[in-house]
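In: no FASTA, just this:
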């Protein structure tokens with residue numbers, strides 16, 4: 001039987017445990033170890049708090065503009081497509097680990113339910129699910145590893161939907177200033193001035209219309225990695241930025257599955273030359 005991971009637990013593993021994205025056998029054996037680790041408990045409790053905070057934005061009176069319908073539709077379709085692809089990968093019987101790159105286009109949709117069971121389990125004191133009898137088949141972590149990229153992408157897209165599903169882009173900052181608003185929904189493409197506009201950047205989610213060498217998904221992933229980022233690509237598009245017509249906007253999964261990260265690069269971006277045109281930006 002495969003050994004149960006021990007502290008310190010990777011944050012990816014804890015996030016998957018929190019979302020119910022781990023094989024039931026491994027989950028049953030992992031919970032007792034997680035409950036005994038204070039750092040793991042604090043991290044999972046922070047995920048509970050984050051989920052509550054994001055969900056509360058749907059009823060926030062600080063939001064004054066509804067989310068543009070075209071962005072909402074594209075976000076929802078993209079999150080569903082990632083769920084469908086993850087399901088197909090989980091159902092495949094293969095002994096070899098797979099490093100999966102999420103396609104940026106035509107994937108049929110059928111989303112899985114995302115659940116956060118940690119909070120209820122910890123607060124209620126309910127015991128973890130019973131472990132499987134000894135002597136059963138070893139628990140393989142290959143499926144868990146294959147699923148990580150899909151899980152991160154789904155979580156990132158879902159977080160944006162939670163933040164912005166009822167309303168987006170206009171909130172009240174702690175100092176009382178109003179955050180920038182998105183461009184009108186009739187504006188085509190993405191165009192930013194001297195400063196990077198995160199509201200407009202979200203229009204790239206689910207798109208992949210970059211010309212030239214970065215139209216190749218492998219080249220796009222290599223560009224992202226050259227910038228020191230190794231997360232699933234959620235969208236990409238050409239944009240006008242600081243008087244350049246050839247800038248490329250790339251959106252990837254956020255650092256903890258709770259954000260979207262944006263990179264603006266030049267068309268020559270690749271291994272050894274990230275060609276970043278502005279600082280890497282977290283959205284959400």
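Out: Received the coordinates, thanks. Predicted model, so just to flag it, every value in this text is computed and none were measured.
In: mind listing the helices in the stretch 151-284 of the chain by residue range?
Out: With DSSP state H, counting those that start in this stretch, the ranges of helices along the stretch 151-284 of the chain come out as 198-201, 217-226.
In: Show me what the first one packs onto, helices and strands only.
Out: Packing contacts for helix 198-201, counted by 3 or more CB pairs under 8 Å, 6 or more residues apart in numbering; DSSP states H and E, involve strand 191-192, strand 281-283. C-betas here are computed from N, CA, C, even on glycine.
In: mind redoing it with 7 Å?
Out: The contact analysis (3 or more CB pairs under 7 Å, 6 or more residues apart in numbering; DSSP states H and E) places helix 198-201 against strand 281-283.
In: Identify all contacting residues around the strand it packs on.
Out: Strand 281-283 is contacted from outside by 196, 198, 201, 202, 254, 255, 259, 260, 261, 262, using CB atoms under 7 Å, 6 or more residues apart in numbering.
In: Put together TSV for the residues you listed, with pLDDT, distance to residue 281 and neighbour count on each row.
Out: Output for the contacts of strand 281-283, formatted as TSV (pLDDT from 0 to 100; distance: CB to CB, whole Å; neighbours: other CB atoms under 10 Å):
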residue	pLDDT	distance to residue 281	neighbour count
196	72	6	19
198	72	6	18
201	78	8	24
202	77	11	27
254	79	11	20
255	75	12	14
259	74	10	19
260	85	9	25
261	88	7	21
262	90	5	23
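In: pLDDT weak spots in the protein?
Out: 1-2, 57-67, 82-195, 256-258, 284 (pLDDT under 70).
In: tell me the strands in it, going along the chain?
Out: Here the chain has its strands, by DSSP state E, at 191-192, 208-209, 233-241, 244-253, 260-265, 281-283.
In: can I get those in JSON lines with distance to residue 13?
Out: As requested, the strands of the chain are exported to JSON lines (distance: least, CB to CB, whole Å):
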{"stretch": "strand 191-192", "distance to residue 13": "37"}
{"stretch": "strand 208-209", "distance to residue 13": "30"}
{"stretch": "strand 233-241", "distance to residue 13": "22"}
{"stretch": "strand 244-253", "distance to residue 13": "16"}
{"stretch": "strand 260-265", "distance to residue 13": "21"}
{"stretch": "strand 281-283", "distance to residue 13": "22"}
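In: Out of the ones you listed, the one nearest residue 31 is which?
Out: Among the strands of the chain, the nearest to residue 31 by CB to CB is strand 244-253 (25.5 Å).
In: On the strand side of things, show who the residue lying closest to residue 201 once chain neighbours are set aside bridges to.
Out: Nearest non-adjacent residue to residue 201, counting by CB to CB, 6 or more residues apart in numbering: residue 262, 4.9 Å away. With beta bridges defined as DSSP bridges, residue 262 has these partners: residue 251, residue 281.
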